[in-house]
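Participant: Compute the structure for the input listed below.
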Amino acid sequence: MIDYARFPVPKDFDETNLFDLNDLLNDFGIEFKYQHDDDINYNYKNLIINIDTKKLHRIKNRNAGRDKKLTDNFCRISDVLVMKETMSEQDILDTLKISRSTYYRRLKNIDENTNLNNYF
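Facilitator: Here you go, the predicted model:
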């Protein structure tokens with residue numbers, strides 16, 4: 001953990017809200033704590049914000065799921081529907097350079113409300 005920031009807070013500041021805040025932010029690697037600093041000022045305590053940067057980065061950049069394969073053969077949905085009428089299924093797969101399961105999954109996602117100018 002790193003000390004992210006220190007803020008002076010009045011000595012009589014209520015700490016009960018701090019415990020609730022720590023419960024909420026603990027999963028994200030963020031912790032608030034008070035520290036009395038006698039050397040600086042007796043009327044104030046320091047509010048210290050600790051951030052576990054590794055934990056926060058892991059949560060923030062989850063990157064779940066498999067990345068979509070980028071192909072050079074982008075075509076519009078309308079083009080694929082025209083291909084479907086004029087070409088065999090295997091020719092479409094070869095033209096688009098996608099697998100049979102990807103082809104059927106993308107066809108399944110096309111419905112009446114889809115914009116035909118979107119990419120397949």
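
Participant: now stretch 19-36: mean pLDDT?
Facilitator: For stretch 19-36, the mean per-residue pLDDT is 82.

Participant: same question, stretch 88-99
Facilitator: On average, stretch 88-99 scores 89.

Participant: buried sites along that stretch?
Facilitator: Of all the residues in stretch 88-99, those buried under the rule 16 or more other Cβ atoms under 10 Å are 92, 96, 98. In this view, the C-beta of every residue, glycine as well, is placed from N, C-alpha and C.

Participant: Stretch 8-24: end-to-end distance?
Facilitator: End-to-end span of stretch 8-24 (Cα to Cα, to the nearest Å): 22 Å.

Participant: Just to be sure, which of the buried residues of stretch 88-99 are found in strands?
Facilitator: Assigned to strands by DSSP state E, none of these qualify.

Participant: Going by distance to F7, which of those wins?
Facilitator: I98 (54.6 Å; Cβ to Cβ).
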